[in-house]
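S.K.: Requesting a structural model of the entry that follows:
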Amino acid sequence: MKVGFIGTGWFAKTHAAILSEMDGVDVAAFCGTTIEKAEKEARNWSNAKGYTNVDDMLEKQKLDAVYICVPPMAHGEIELALIDRNIPFFVEKPLGIDEQPIQIARKIEEKGLITSVGYHWRYKETTNKALALLQESKAGIAVGYWMGNMPMIPWWRDVDKSGGQFVEQTTHIVDLLRYLCGEIIEVYAAYGNKVMQEKVEGTTVADVGSVMMKLKNGMVATISNTCILKDSGKVGLDLYLEEGIIELRNEHLREINGKQILEYKDQVNPYMVENKIFLEAVKTGNPEKILADYKDSLKTHQVTLAANQSAISGQPIKLGV
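M.R.: Residues are numbered from 1 along each chain as shown. Just a heads-up that it's a prediction; the model follows:
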């Protein structure tokens with residue numbers, strides 16, 4: 001299977017490293033913003049070549065699948081080029097910074113194209129454990145967090161390029177909430193600029209924010225984020241049930257029932273799992289094991305865009321489901 005990469009940053013390196021350990025997978029091409037970046041990544045593979053133009057790469061290489069690992073503002077034309085050529089693709093979140101993913105999702109459905117989106121929390125063993133616990137008890141409220149520092153990347157702190165923290169980072173927690181508890185039907189958001197605009201030149205993203213949500217099943221949830229910390233802080237989702245609390249973090253799940261606390265940890269790398277499932281789907285033509293395809297991930301994207309809209313308007317935003 002011949003695979004290409006568009007992007008040469010952390011996500012591209014992470015996925016390519018995983019693919020290097022898989023039998024029958026040959027990374028044949030990298031497309032970067034400069035030929036130097038593309039060729040640097042290509043040198044890790046015996047037959048790979050570097051490109052700076054997506055169409056050029058797709059015309060010169062016969063690829064079975066492509067990974068899209070680019071900043072939020074770079075999405076759109078890349079996906080459309082792959083759809084036109086019927087090439088399955090794996091795309092890292094977020095899907096973009098505007099409503100164009102709606103058009104892309106329609107075209108994907110028309111072609112019946114296999115896609116996967118990098119919501120790796122869905123593939124965690126601890127997430128599956130949470131799903132099992134939720135079958136036994138009813139959750140009433142959820143509280144999510146992405147409390148951390150600001151990535152020192154120029155495009156990230158520009159809201160017109162990244163979409164802001166809720167779109168670019170906290171989307172993982174929004175998607176986790178949807179996956180575990182169901183669809184979100186209304187959001188009300190409040191954002192603020194407390195620290196980073198004065199500390200880091202060119203910062204236009206909000207650095208604090210909270211989003212209140214109503215779910216179709218009657219639950220309510222709040223997800224808050226900040227990027228004012230010096231180091232990474234709390235990231236995860238807490239679910240409050242009849243019997244106790246489920247605490248989901250990147251490193252573990254805690255099941256709290258009164259004084260009894262049970263802890264579970266992942267034994268398998270979820271990035272490895274999502275990659276294997278995507279490439280197996282491409283190989284067999286059967287996408288049923290993919291947990292986050294483009295169509296489903298679009299709903300998460302629309303929730304984050306609605307939060308941004310609510311923060312600007314000061315009004316709650318209702319979502320169709």
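
S.K.: Spatially, what comes nearest to residue 289 if we skip its sequence neighbours?
M.R.: Closest residue to residue 289 apart from its sequence neighbours, by Cβ to Cβ, 6 or more residues apart in numbering: residue 277 at 4.8 Å. Glycine gets a C-beta too; all of them are placed from N, C-alpha and C.

S.K.: What of residue 35?
M.R.: residue 52 (5.3 Å).

S.K.: Just to check, that neighbour is in contact with residue 33?
M.R.: Yes - the pair residue 52 / residue 33 is scored as a contact, 7.0 Å apart, by Cβ atoms under 8 Å.

S.K.: Helices of the stretch 201-321 of the chain, start to end?
M.R.: Counting by DSSP state H, counting those that start in this stretch, the stretch 201-321 of the chain has these helices, from start to end: 270-284, 294-313.

S.K.: Go through those and pick out the most buried.
M.R.: Counting by mean count of other Cβ atoms under 10 Å, helix 294-313 has the highest mean neighbour count of the helices of the stretch 201-321 of the chain, with a mean of 21.

S.K.: What is that one packed up against?
M.R.: helix 100-111, strand 115-117, helix 165-168, helix 171-181, strand 184-192, strand 208-215, strand 317-318 (3 or more Cβ pairs under 8 Å, 6 or more residues apart in numbering; DSSP states H and E).

S.K.: possible to save the ones you listed as TSV with mean neighbour count?
M.R.: Formatted as TSV, the helices and strands packed on helix 294-313 follow (neighbours: other Cβ atoms under 10 Å):
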stretch	mean neighbour count
helix 100-111	16
strand 115-117	28
helix 165-168	26
helix 171-181	23
strand 184-192	20
strand 208-215	21
strand 317-318	14
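
S.K.: rewinding a little: will you turn the helices of the stretch 201-321 of the chain into JSON lines that also has mean pLDDT and distance to residue 154?
M.R.: Listed next are the helices of the stretch 201-321 of the chain as JSON lines, based on pLDDT from 0 to 100; distance: least, Cβ to Cβ, whole Å:
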{"stretch": "helix 270-284", "mean pLDDT": "98", "distance to residue 154": "26"}
{"stretch": "helix 294-313", "mean pLDDT": "98", "distance to residue 154": "20"}
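
S.K.: Let's have those in a markdown table, adding distance to residue 83.
M.R.: Below are the helices of the stretch 201-321 of the chain laid out as a markdown table (distance: least, Cβ to Cβ, whole Å):
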| stretch | distance to residue 83 |
| --- | --- |
| helix 270-284 | 15 |
| helix 294-313 | 10 |
